[in-house]
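> Got a predicted structure plus its sequence, pasted below:
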Amino acid sequence: MTVGVCYFPEHWDESTWEGAVERMAEAGIETVRLGEFAWGRLEPAREEFDFAWLDTVLDLLADHDREALLCTPTATPPKWLVDERPSVRRVAEDGTVEGYGSRREYCFNSTAYRAETERVVSRLAERYANRDVVVGWQIDNEYGCHGTVRCYCDECAEAFRTFLREHYDDAATLNEAWGTAFWSQQYDSIDAVEPPRPTPSAHHPSLLLDYARFASRSVVKYNALQAALLREANDGWTLTHNTMGQFEELDLHALGETVDFLSWDSYPTGFVQTREDEPATVDELRAGDPDELALNHALCRGATTEPFWVMEQQPGDINWSPTNPQPGEGAMSLWALHATGHGADTVVYFRWRACSQGQEQYHSGLLNHAGQPDRGYDDATVAADDIRALPSLPQPEASVAVLHDYENAWALREQPHAPDFHYWTHLRTYFDALQARGVTVDIRHPADSLDGYDAAVAPTLYLVSDGRADHLESYVRDGGTLLLTVRAGFKTPHNRVHETPRPGPLRSLVGATVTEHETIPDTVDTTVHYRGESYDYRTWGEWLESEGARIVGTYPDGAGSGSAAITIHEVGEGAVTYVGVWPERRLADTVCTDLLSRAGVPHRDEPLPDGVRVAQRGDHCFVTNFTSDRVRVDRLSGDPVVGRTPLGGYDYLVGRGDATELGVAATDLPD
Amino acid sequence: MTVGVCYFPEHWDESTWEGAVERMAEAGIETVRLGEFAWGRLEPAREEFDFAWLDTVLDLLADHDREALLCTPTATPPKWLVDERPSVRRVAEDGTVEGYGSRREYCFNSTAYRAETERVVSRLAERYANRDVVVGWQIDNEYGCHGTVRCYCDECAEAFRTFLREHYDDAATLNEAWGTAFWSQQYDSIDAVEPPRPTPSAHHPSLLLDYARFASRSVVKYNALQAALLREANDGWTLTHNTMGQFEELDLHALGETVDFLSWDSYPTGFVQTREDEPATVDELRAGDPDELALNHALCRGATTEPFWVMEQQPGDINWSPTNPQPGEGAMSLWALHATGHGADTVVYFRWRACSQGQEQYHSGLLNHAGQPDRGYDDATVAADDIRALPSLPQPEASVAVLHDYENAWALREQPHAPDFHYWTHLRTYFDALQARGVTVDIRHPADSLDGYDAAVAPTLYLVSDGRADHLESYVRDGGTLLLTVRAGFKTPHNRVHETPRPGPLRSLVGATVTEHETIPDTVDTTVHYRGESYDYRTWGEWLESEGARIVGTYPDGAGSGSAAITIHEVGEGAVTYVGVWPERRLADTVCTDLLSRAGVPHRDEPLPDGVRVAQRGDHCFVTNFTSDRVRVDRLSGDPVVGRTPLGGYDYLVGRGDATELGVAATDLPD
Amino acid sequence: MTVGVCYFPEHWDESTWEGAVERMAEAGIETVRLGEFAWGRLEPAREEFDFAWLDTVLDLLADHDREALLCTPTATPPKWLVDERPSVRRVAEDGTVEGYGSRREYCFNSTAYRAETERVVSRLAERYANRDVVVGWQIDNEYGCHGTVRCYCDECAEAFRTFLREHYDDAATLNEAWGTAFWSQQYDSIDAVEPPRPTPSAHHPSLLLDYARFASRSVVKYNALQAALLREANDGWTLTHNTMGQFEELDLHALGETVDFLSWDSYPTGFVQTREDEPATVDELRAGDPDELALNHALCRGATTEPFWVMEQQPGDINWSPTNPQPGEGAMSLWALHATGHGADTVVYFRWRACSQGQEQYHSGLLNHAGQPDRGYDDATVAADDIRALPSLPQPEASVAVLHDYENAWALREQPHAPDFHYWTHLRTYFDALQARGVTVDIRHPADSLDGYDAAVAPTLYLVSDGRADHLESYVRDGGTLLLTVRAGFKTPHNRVHETPRPGPLRSLVGATVTEHETIPDTVDTTVHYRGESYDYRTWGEWLESEGARIVGTYPDGAGSGSAAITIHEVGEGAVTYVGVWPERRLADTVCTDLLSRAGVPHRDEPLPDGVRVAQRGDHCFVTNFTSDRVRVDRLSGDPVVGRTPLGGYDYLVGRGDATELGVAATDLPD
């Protein structure tokens, strides 16, 4: 568990390098990420490689006993390359060919770009295969940033057809699987299928889903191409890719299979301003939303067996969110400790020094443009010290799994059926409720083994085959406690609707059918009764009819008056809760708490205060305060290992204890 | 007066067909629409026609004594056709050529598409010319859906020039008619004129209006092409096209001349969410807006002499509106009876069974995806029973005409002069006021004979020639009572401004001139005095000076303080009211009531409650309740023929009586 | 000081011309603008020129002792020209080639268009070189209207590279100046640089700034081309271009160097509806915002030594703003006198008669469409009379300069860092505060000599070289009083960030450093203390550390609690105020007042009422009332020369007095 930094020596005069590395060492920074976006510096003209500058910096790092994580520079092809091989350029949905001048202009299926990638990666791998200071590689950078996962060029069109041929025997099979009789969309050959380019109305949902799969797989294959070359050069290297927060076009489960660990880029004060839900509170503008971060930590943690990293940790104010406030005092160390509490092995600050040139001039660094320590420098030093003060800790152990499949997000994005039906926001309703109860949660794919999980929560398990239904039924029958929600089982994996009563293959498991659904504008009041209490719900409601399940929620009024809304069905040793509404927060808390109790999962008696969260690694608890209030912590075993109680605003402590039992409360009392 | 259903056997296994037809018969469904969008199934490869499936279904319908209305499948060309003849594709205003993958990808002026259309329609017509079960055809589907009336391809460019040559002798005539001296827009030849493609600022309004005319006429000509082929095969067939609600790019008056009757597709809960005015109330989300439906009924009813149909009646929840609530209990039968009250001959539910495949998966049917009766099935059965219980009734008879010309809508769309000046919303201000007073209204073209109408209301009669002014003046002189509103007579039919005092050719008729107009943001309070009372107005105000007319409305304050706002001018045996503001609802009611009284048109003493409406066919009244309140009906002659009083929420009754005299009131009393 | 009118005889029958000119003379109109947009009439086919109509009108003007200002017609190439030479068409950023049909379709760097321009301008110049009635020319019309300054065609690409070659020795120099190591954006040759066409993320800020410079310079060069041809024909002609209000893509300082005077087109009721800030008040909808007009007057006045004109003065209601209200009674003369007070030599109403044809049909004229005097005619006559009643007056003399550089606006537009950081709105915060204190202000370029100015206010002086910093330091050292604001000195002229502590080269002058900045959504309360009082601020805050400056403003709370926010530094004989927040209005007033006091600049004791303003020319004061309230004026020397006190709504007076000492107050008293 260490702290690192992203360093771009190529942006600064050589004379500054040694001082920089010395200063990093002083600050307690162990790992330095290098070489990202540096293709233009590494190969200023075709086959004229210049490694000297990088060699020098690596020497300096080795001299100062630091580790280097190198990056392949493929996110930014140099101008000469794009000019020589214009076919590398991505084509947008509307046919616009990417011009040059930012990054990620390339197509993942471009033959030319794949060849160029092989060329440069091989040369770099070969060059550094024997440098001990290089512990591994970040491959490319933030796949899909700026909406670039999906390309619509002719090479992609051909690759898409190849993809389809791998999944469907012939056009007849495809026609049947998709259901192309609708609107005369039959294909007489797979050769005739095209990417979803502009057309008067919506594209066929089955084609759209397969295009989403194809595009994600194209990225994964591109990543695998690079990984193979690097492993060939040195199979001791650890490989990763730095993903983006809650980005949905790329399947991280699949990407995880091509690397040793996943990392992600954490910008808490930006994320809260771009989420598809409520505006950010002042505390969120200053420190972000801990559950949003926790979800991304869990996504990465679940995707590989090696511990994840935060590859870019916000170092101060940033450049890209709608407004760019200064983080709260201490927030930059809070984030590092929060990540560590959720299992991060290394937290790498982005970037060492604010850059005087180019598109990210307004992004702060640990040093400012003038090279002076900025707010982040102080915080990073504190974080490095505090993390060093911790013993070696095991990864978080979860007894609850939240089931997540990117394919559901892709399918729902195309047919949300309401302007505010957003996959992640709905998932967060349940995830956040669990966080507030102090429960450690893993994110798992619904096809994964659920052995060892006492409870599983599956928000909008939308695409469901018989096999997947069987898998879940076995889990429940063997004693598992499962929560299913709206839209579960509506579709086949080909994005057709099941022609059996809803929830399709899950019907017998749920012990109820969904007779109707509706979406509702937020101007309409909507109420559900659950176990004697009245709650609001939002966006989506289903009318249920029990076929054996116990009815625990009903509609007291409105168009569905008297219908069931929430049911529980005992199956074998376990039970399934079906929630036919998008619950308000209080209802989500109650439903989740009931689920945890039924599953015997320890959880806190009351929800934690907003913005205050706990995490457990082994016998150590991390208490993190994302608010400006002071927070008193009781019932630790002994003194805190790091920090003290009460916590100040944007503060944290680590100590021995049980996250579900600690006393944690905002306080006005003096220290 | 019957009920029908849209059936897509090609989406389901052949084994289900017989059961489906049996069930339709049980439900009382008389008419089945078939074949829409089925080109891909009918001709899976060029000239390899497969009629067997359709033959089978027609046999089943004949066996069960049902009627079939077939559809030409031209709204959805198969992929092989578009690939073979790429010139069929529509080109958007910005030059984007339509990709493949939804529907309506074609250009109405494509030589290739017209040839393909002739080919397939001829084959279908020939095949079914002698099948008695086939009573007629729906030609294509929803022309203009997804904004596809106007195409900007080179074939359209040439066809536009041909259109212009038919209307203008030469470039000099066109230059004079349009007024191209402005901004050097003169043409030295009609060959030089182009469609209105992207340009830095707005296009010339006269060109835009002619392009709108040309595009509408292109659709009408395309429809006539199909109609001629069908009539040639069997001149006993009844022909129609299913238009969309309040769609303005296509002139339904002109389209009506190419078919036997018009039909339209009625989705009440969707329309209220997409109108350009106020958000929908909860009752409207559940049942729609009866006046919006009535206007579309009247539009279709007025366009042909044969009675209109509702070709697609919403069967439950739908897929395409922003949110998709469940209709209120009973709404699906309410809509059918409301349509019948306004003269619909047949109300066809869309669709039989919810479709498991393609873009409309989230659209309900009378049966659900699993083939079970859904809410709409029950309602459709009730509607079929109730309609069967009625005697044969004459069409509604109106003594008031609302004058409507698509060309005014087209011209105003391009120069609204205020963000909220919307042609239809303004027309609805008057139309709704008349509906609330229980008055039967026809929609007529301003060039139509007005014989037999005691009053005529002409909202924004914008483009006015001397001939049209004379026509209206004759109407008034002979005793007609006419209401003119803002922007009347401002433009020539070429969309130039008249160079005479406003309202141009209508000046002597109105007996007043418009000295100024202004548009006003809704943040500014605006008041007008009318006959001693104070009212608000919105969006548009004109300052009038009497030249003989009586001033009945004035501005008490604001920039136009003291000017006249509303005038009445007696001319010959009749009178003209000119309303120089966009009135609030109460003022529209008062102005219309005064007009009706002057014209001797019977009307209700008080406006009907919101959402409750009456319609008259012969001596039968239809009372329809689009609200969740109960409604008591008094003063019927005898017991209701259908329904009972008080009406429940979303309920109706039919009985003998006079729609302007019935007692109709919301009630809290017990039944 | 006179009144003029824009006249388009080519839109009307020849028989009307003489009457029109007579009527102009009666109305007191001295100057008539002619020939704008008339290329199609002047040259209906290539090399077939028709000057007869224009000759006739010029004869009529000469006969009636009026002056003509001719226009080159290049804003509207005729259709035959564009068809013959399609390369003249502008290409939009996304690659769309302009279609034909409005105006400004051309590219400023088109070789073909420049040749055609030379051809037509030469012919016109030659034709009228010896006509005394022609006093000068307006070149083209409203460069940049409809977003047309920047073109992305291949000729522009090549011209951009030529521009770069003039400014950078080679690619290495450019790479260093811009900083292209970021994201591998190095160029190996200037030949490889392209315009900023579509790319996944933002373009390089240094490229964007140079493209903005290049595009502005392209316009200036195009204007210079025309000016040279006209001067060659008759060097006694006065030349101008009519710019648009607060338009930022074109550098008016540079444009001013190519003409004799600048003019601008003033549409007060439209501007207030399109500004990027608060919605317009009712008074503003009726009369506009005097400070917005004053700023444009000052911009034009400062750009040349000859007095500026208002070339298009709103004559009544207009066609292009969101809503188009009637101006308040008298507003059309108020605007003319307000402009005269700010130094306008001639105020030209647009247009003589409302046009029946084309895109501006809804724009009023002094006469209406029917040729009758409209509201503007009466006001123009009054204005002409009142202006004639004035003695010859010197230009306004300012002792305060507001420093403005278009390059700062360009750079900030690309990196606003907050959705509401708008260059002009920020500048207006200070400009308006000075107007409210009755201070005459010049707009100067920061590189201009500041001799004679007691104070200088430099809002967001963003791009600062050492030379510019020295220039300002000298000004202060020699006794000048300078106000600097947020973001000052952040960037080099190449749009890189200075690698020294902020405010970069201004640091020693300011005597403080900016340690942090942040942007803040307007949902967050933000407070600053200044000299013992508490004020709000908005959008942007900086945390300052004094290095010798006196701290006069601090943050009492929030993330920057305790930091300095506003400082004053005495340097040599002068002093510099640095304002690290975007102040609310009250704070801007206080800061400016303190500045004026320190500089010894006379100013009013209290701010003027909103919408009431004073202007000084020599010993004459202009008091203008843009509100509907009555305003009493005291302390004039003698009776008003024009007007009387109290002023009515939308009224003015001119009299002898001192603008900073007059009594000016809204009143309820009787006259």
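Noted; the coordinates are in hand.
> May I have the phi/psi pair for the residue nearest to residue A:543 when sequence neighbours are not counted?
Computed as CB to CB, 6 or more residues apart in numbering or on different chains, the closest residue to residue A:543 that is not its neighbour in sequence is residue A:563, at 3.7 Å. All C-beta spots, glycine's among them, are computed from the backbone N, C-alpha and C. Residue A:563 adopts backbone torsions of phi -70, psi 160, taken as degrees, to the nearest 10.
> Quick check, residue A:563 in contact with residue A:553.
No: contact criterion CB atoms under 8 Å: residue A:563 and residue A:553 do not qualify, at 9.9 Å.
> how close does the residue of chain A found nearest chain B get to residue A:501?
Closest approach between chain A and chain B, counting by CB to the nearest CB: residue A:179, at 2.2 Å. Applying CB to CB, to the nearest Å, the value for residue A:179 to residue A:501 is 19 Å.
> With neighbour numbers in mind, choose between those two.
Using other CB atoms under 10 Å in any protein chain shown, the more surrounded residue of residue A:179 and residue A:501 is residue A:179, with 23 against 19.
> I'd say the more buried one and residue B:359 touch.
No: with contact defined as CB under 8 Å, residue A:179 and residue B:359 do not form a contacting pair (10.4 Å).
> OK, contacts around the closest residue to residue A:56 other than its chain neighbours?
Distances taken as CB to CB, 6+ apart put residue A:17 closest to residue A:56, at 6.7 Å, once the chain neighbours are dropped. Going by CB atoms under 8 Å, 6 or more residues apart in numbering or on different chains, residue A:17 touches A:9, A:56-57, A:60.
> which of the residues you listed are buried?
A:9, A:57, A:60 (16 or more other CB atoms under 10 Å in any protein chain shown).
> Now stretch A:49-67: buried residues?
Buried-residue list, stretch A:49-67, by 16+ other CB under 10 Å: A:54, A:57-58, A:60-62, A:64, A:66-67.
> Can you give the distance of it from its chain's centre?
32 Å (CA atoms, centre = their mean, to the nearest Å).
> Then stretch A:385-402?
19 Å.
> what ranges do the helices span in the stretch 501-650 of chain A?
Using DSSP state H, counting those that start in this stretch, the helices assigned to the stretch 501-650 of chain A run over residues A:507-510, A:585-599.
> Same list (those) but as a markdown table, adding distance to residue C:598 and mean neighbour count.
Below are the helices of the stretch 501-650 of chain A laid out as a markdown table (distance: least, CB to CB, whole Å; neighbours: other CB atoms under 10 Å in any protein chain shown):
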| stretch | distance to residue C:598 | mean neighbour count |
| --- | --- | --- |
| helix A:507-510 | 77 | 22 |
| helix A:585-599 | 56 | 20 |
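> you'd agree residue A:499 is up against residue B:372?
No: applying CB under 8 Å, one finds residue A:499 not in contact with residue B:372, separated by 10.7 Å.
> In the stretch 501-650 of chain A, what residue spans correspond to strands?
Here the stretch 501-650 of chain A has its strands, by DSSP state E, counting those that start in this stretch, at A:512-519, A:527-530, A:533-546, A:550-554, A:564-571, A:574-579, A:581-583, A:612-617, A:620-625, A:630-634, A:637-642.
> and the fifth one, does that touch chain B?
No: for a cut-off given as CB under 8 Å from any CB of the partner chain, strand A:564-571 has no contacts with chain B; the smallest distance is 13.5 Å.
> Hey, what's the angle from that strand to strand A:574-579? Just curious.
If you take axes from the mean of the first three to the mean of the last three CA atoms, to 10 degrees, strand A:564-571 sits at 170 degrees to strand A:574-579.
> then strand A:564-571 to CSV, C-alphas only?
In CSV, the C-alpha atoms belonging to strand A:564-571 read as follows (Å, rounded to 0.1, in the frame of the first residue of the first chain):
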residue,chain,number,x,y,z
ALA,A,564,-48.7,-5.9,-5.3
ALA,A,565,-45.4,-3.9,-5.7
ILE,A,566,-42.9,-5.9,-3.6
THR,A,567,-42.9,-9.6,-2.9
ILE,A,568,-40.8,-12.2,-1.1
HIS,A,569,-40.6,-15.8,-2.2
GLU,A,570,-39.0,-18.6,-0.2
VAL,A,571,-37.3,-21.1,-2.4
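> picking that back up, residue A:499 and residue B:372: which is more packed in?
Neighbour totals were compared for residue A:499 and residue B:372, and residue A:499 leads with 18 against 14 (other CB under 10 Å).
> and stretch A:294-314, how far apart are its ends?
15 Å (CA to CA, to the nearest Å).
> pLDDT of it, averaged?
Stretch A:294-314 comes out with an average pLDDT of 97.
> On the pLDDT front, check residue A:668 for me.
For residue A:668, the pLDDT comes out at 77.
> need the contact list for the nearest residue to residue A:323 once chain neighbours are set aside.
Closest residue to residue A:323 apart from its sequence neighbours, by CB to CB, 6+ apart: residue C:519 at 4.3 Å. Contacts for residue C:519 were tallied using CB under 8 Å, 6+ apart; they are A:323-325, C:417-418, C:421, C:539-540.
> Could you save these as a markdown table and add columns showing neighbour count and secondary structure?
Formatted as a markdown table, the contacts of residue C:519 follow (neighbours: other CB atoms under 10 Å in any protein chain shown; DSSP: H, G, I helix; E, B strand; the rest coil):
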| residue | neighbour count | secondary structure |
| --- | --- | --- |
| A:323 | 24 | coil |
| A:324 | 23 | coil |
| A:325 | 24 | coil |
| C:417 | 21 | coil |
| C:418 | 20 | coil |
| C:421 | 22 | coil |
| C:539 | 23 | strand |
| C:540 | 24 | strand |
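> Report the two of these separated the most.
Pairwise distances across the contacts of residue C:519 peak at 13.6 Å for A:325 and C:421 (criterion: CB to CB).
> Between the two ends of stretch A:595-607, how far is it?
Span of stretch A:595-607 from end to end, CA to CA: 15 Å.
> So residue A:563 and residue A:553 - more neighbours on which side?
Per other CB under 10 Å, whichever of residue A:563 and residue A:553 has more neighbours is residue A:553, with 26 against 20.
> gap between the residue lying closest to that one once chain neighbours are set aside and residue C:57?
Nearest non-adjacent residue to residue A:553, counting by CB to CB, 6+ apart: residue A:566, 2.9 Å away. According to CB to CB, residue A:566 stands 82 Å off from residue C:57.
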